[in-house]
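Peer 1: Whatever this is, show me its structure:
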Amino acid sequence: MSSMIAGPFCSQILADLGAEVIRIEAAGSDPMRAKYPVYKGMSAMFEQMNRGKKSVCIDVKSEEGRQLIHQLVAQADMFLQNSRPGVMERLGLGYDVLKAINDKLIYVSVSGFGEVGPYATRPAYDMMIQGLTGFMPTQGGEGDPAPIRTTLADRVTAMWASHAALAALLHRERTGEGQKVTVDMASAYAACIVVDQMQNHTFQSAELDEVDLYLGSYRSLKTADGAAIGMILQPAQFNRFVTALGCEDMLGDERFAEPMSILQNTDELYDRVASRVAAMTTKQFIELMDEAQIPFSKVNTMEEFVASDEAHHCGVFAEFDDPEWGTIKHINYPAKFGGSPANARHRAPKLGEHNEEIRQLLAKSGARTDAG
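Peer 2: I've put the predicted structure just below:
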């Protein structure tokens, strides 16, 4: 029972890995179903987060609906929800209720700010988490702090939640015990993204000089037809870099004698070579860097990346044909398994598409599904 991004993306990861995932939803309960672009009634965003699942449309506020969910829970390994704390309890679907039905159940609860504290009952969106965790000001640049323009906090939370769910499943395999697992967006985002910013807050008993978090190394170099980005970290790399670009007079410059000083002075380095790089095409510059064994990459547009050899050879995308929606392209599950490959070649379900299948599965329950 999840909507928007964090919960559905978590269960999609599990579906890719072979889990049978049943979306329990009421008509209109997930705004992602209507997010543009929409093709033949299917939202592209919804498709990218709900592939490989089944959908049953249930009136979760009715007694019949609750009974149907209870019947599903009795047979389930996991129950995932991402409502604010207290919502599931009011619906009669809290952990204690479902544990009484299935004491081996793994109950995964995803929220914005956890289940205690002044923020616990507040709704949370991705950019709020980016702001709350102190991440936005570290991006540097002029003007007001700005979030990364993608739902990174949601997706990071989904990945942590899927890992935690699988760890709980392993624990149950070893002990026979189910449990409740809680994952909040603030903690999940901090655990993944804020780690770099912790370098000034790690050794609490020491008085150390603060490290500049606005390092100029995180910038690109403009070329004649685009841009390239890379990293120069070691003095040997610096020497090869300036030699390749005809700036041998910089050899021996003490500002670039150590890795940390290279990072701190990358702005000066890039400003010095900017005109030379700008005279080359991106292809010429990348080839020059490859010869010098300096790691640089072209800055692609999304369209260029989708069509790139790199994406093809890494297996980034999965395509398949659907009789109703034609050719569908998904982001592949990134890990490659030798014996149990993940499968991303399934479309997302229509609302209530599997109502009849679930009715037959739970025919003895006496509950009904709402065709929506």
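Peer 1: going forward, measure contacts between C-alpha atoms and count neighbours the same way
Peer 2: Fine.
Peer 1: hang on, isn't residue 292 packed against residue 238?
Peer 2: No - checked against C-alpha atoms under 8 Å, the pair residue 292 and residue 238 is beyond contact range at 10.2 Å.
Peer 1: The two: who's more crowded?
Peer 2: residue 238 (22 against 17; other C-alpha atoms under 10 Å).
Peer 1: hang on, the more buried one in a helix?
Peer 2: Yes - secondary structure assignment places residue 238 in a helix (DSSP: H, G, I helix; E, B strand; the rest coil).
Peer 1: so how far is residue 228 from it?
Peer 2: 17 Å (C-alpha to C-alpha, to the nearest Å).
Peer 1: Then residue 228 would be within a strand, right?
Peer 2: Yes - counting by three-state DSSP, residue 228 is located in a strand.
Peer 1: Is it correct that residue 321 falls within a helix?
Peer 2: No - using three-state DSSP, the assignment for residue 321 is strand, not a helix.
Peer 1: beta partners for it?
Peer 2: Beta-bridge partners recorded for residue 321 (DSSP bridges): residue 327.
Peer 1: Any idea which residue is closest to the centre of the protein?
Peer 2: residue 155 (2.5 Å; C-alpha atoms, centre = their mean).
Peer 1: wait, doesn't that residue sit right on residue 5?
Peer 2: Yes - using C-alpha under 8 Å, residue 155 is in contact with residue 5, at 7.2 Å.
Peer 1: Let me see the confidence value for residue 198.
Peer 2: As predicted, residue 198 sits at a pLDDT of 81.
Peer 1: Look at it and say how many residues are nearby.
Peer 2: Residue 198 has 11 nearby residues by other C-alpha under 10 Å.
Peer 1: who touches the spatially closest residue to the residue nearest to the centre of the chain that is not a sequence neighbour in this structure?
Peer 2: Nearest in space to residue 155, with sequence neighbours left out and distances taken as C-alpha to C-alpha, 6 or more residues apart in numbering, is residue 6 at 5.7 Å. By C-alpha atoms under 8 Å, 6 or more residues apart in numbering, the contact list for residue 6 reads 82, 110, 154-155, 157-158.
Peer 1: before we move on, what about residue 16?
Peer 2: Residue 16 touches 52, 333, 342-344, counting by C-alpha under 8 Å, 6+ apart.
Peer 1: Quick one: low-confidence residue ranges for the protein.
Peer 2: Low-confidence segments of the chain, defined by pLDDT under 70: 140-142, 212-217, 364-372.
Peer 1: Would you mind finding the longest helix in it?
Peer 2: helix 152-175 (DSSP state H).
Peer 1: Contacts made by the helix or strand that that helix is followed by with the rest, please.
Peer 2: Moving toward the C-terminus from helix 152-175, the next helix or strand (DSSP states H and E) is strand 179-184. Strand 179-184 is contacted from outside by 95, 104-114, 157, 160-161, 164-165, 168, using C-alpha under 8 Å, 6+ apart.
Peer 1: helices or strands next to the helix or strand just after strand 179-184 in the packing?
Peer 2: Later in the chain than strand 179-184, the nearest helix or strand by DSSP H and E is helix 185-193. Here helix 185-193 touches helix 126-132, helix 152-175, going by 3 or more C-alpha pairs under 8 Å, 6 or more residues apart in numbering; DSSP states H and E.
Peer 1: okay, the ones you listed in JSON lines with distance to residue 312 next?
Peer 2: Listed next are the helices and strands packed on helix 185-193 as JSON lines, based on distance: least, C-alpha to C-alpha, whole Å:
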{"stretch": "helix 126-132", "distance to residue 312": "30"}
{"stretch": "helix 152-175", "distance to residue 312": "23"}
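Peer 1: which stretch among the ones you listed comes nearest residue 68?
Peer 2: helix 152-175 (23.2 Å; C-alpha to C-alpha).
Peer 1: Not counting its neighbours along the chain, what's nearest residue 132?
Peer 2: residue 186 (7.7 Å).
Peer 1: quick one, what contacts that neighbour?
Peer 2: If you count contacts by C-alpha under 8 Å, 6+ apart, then residue 186 has 112-113, 129, 132-133 around it.
Peer 1: who wins for neighbours among these?
Peer 2: In terms of neighbours by other C-alpha under 10 Å, these top out with residue 112 at 29 neighbours.
Peer 1: What count of nearby residues applies to residue 64?
Peer 2: So residue 64, with other C-alpha under 10 Å, has 18 neighbours.
Peer 1: in which helix or strand would I find it?
Peer 2: Here residue 64 is assigned to helix 63-75, by DSSP H and E.
Peer 1: How far off centre is that helix?
Peer 2: Mean C-alpha position of helix 63-75 versus that of the full chain (C-alpha atoms, centre = their mean, to the nearest Å) differs by 30 Å.
Peer 1: before we move on, the earlier item: list buried members of the contacts of residue 16 by neighbour count.
Peer 2: Among the contacts of residue 16, those classed as buried by 16 or more other C-alpha atoms under 10 Å are 52, 333, 342-344.
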